[in-house]
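Asker: One predicted model, sequence on top.
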Amino acid sequence: MAFSKGDQVTWNTSQGKTHGEVVEKRVSEFEFDGQKFNASKDEPYYLVKSDKTDAKAAHKESALTKKGS
């Protein structure tokens, strides 16, 4: 399942389930928050923004669930 900018999603964190919004899809290697991510067209990463804290994070597609799914 692919996600688009603006999609409402959930993901798990050490504090529990977090809700937020897809900000951007990445399909090539990138650095975010001091970490390197090996994104590709076959395994994209998504930058997501938490509804609660506005903090951004990068997650694999498999770590995200579309809200309401």
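Answerer: That came through fine.
Asker: List the buried residues in stretch 41-56.
Answerer: 44-48 (16 or more other CB atoms under 10 Å). For the C-beta atoms, the positions are set from N, CA and C on the backbone; glycine is no exception.
Asker: who's Phe37 bridged to?
Answerer: Going by DSSP bridges, Phe37 is paired in beta bridges with Phe30.
Asker: ok, Val23 - contacts?
Answerer: Val23 makes contact with 5, 46-49, 56, according to CB atoms under 8 Å, 6 or more residues apart in numbering.
Asker: which residues of this protein fall in strands?
Answerer: Using DSSP state E, the strands of the chain run over residues 8-13, 16-26, 30-32, 35-37, 45-50, 56-60, 65-66.
Asker: Single out the most deeply packed of these.
Answerer: Here the criterion is mean neighbour count by mean count of other CB atoms under 10 Å, and of the strands of the chain the winner is strand 45-50, at a mean of 20.
Asker: TSV please, covering the strands of the chain and showing mean pLDDT.
Answerer: Supplementary listing: the strands of the chain in TSV, determined by pLDDT from 0 to 100:
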stretch	mean pLDDT
strand 8-13	94
strand 16-26	96
strand 30-32	96
strand 35-37	97
strand 45-50	97
strand 56-60	96
strand 65-66	96
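Asker: quick one on the thing from earlier: looking at the buried residues of stretch 41-56, which one is closest to Lys36?
Answerer: Tyr45 (11.0 Å; CB to CB).
Asker: Which residues does the closest residue in space to Ala57 that isn't next to it in sequence form beta bridges with?
Answerer: In space, and not counting its chain neighbours, Ala57 is closest to Val48: 5.8 Å by CB to CB, 6 or more residues apart in numbering. Going by DSSP bridges, Val48 is paired in beta bridges with Val22, Ala57.
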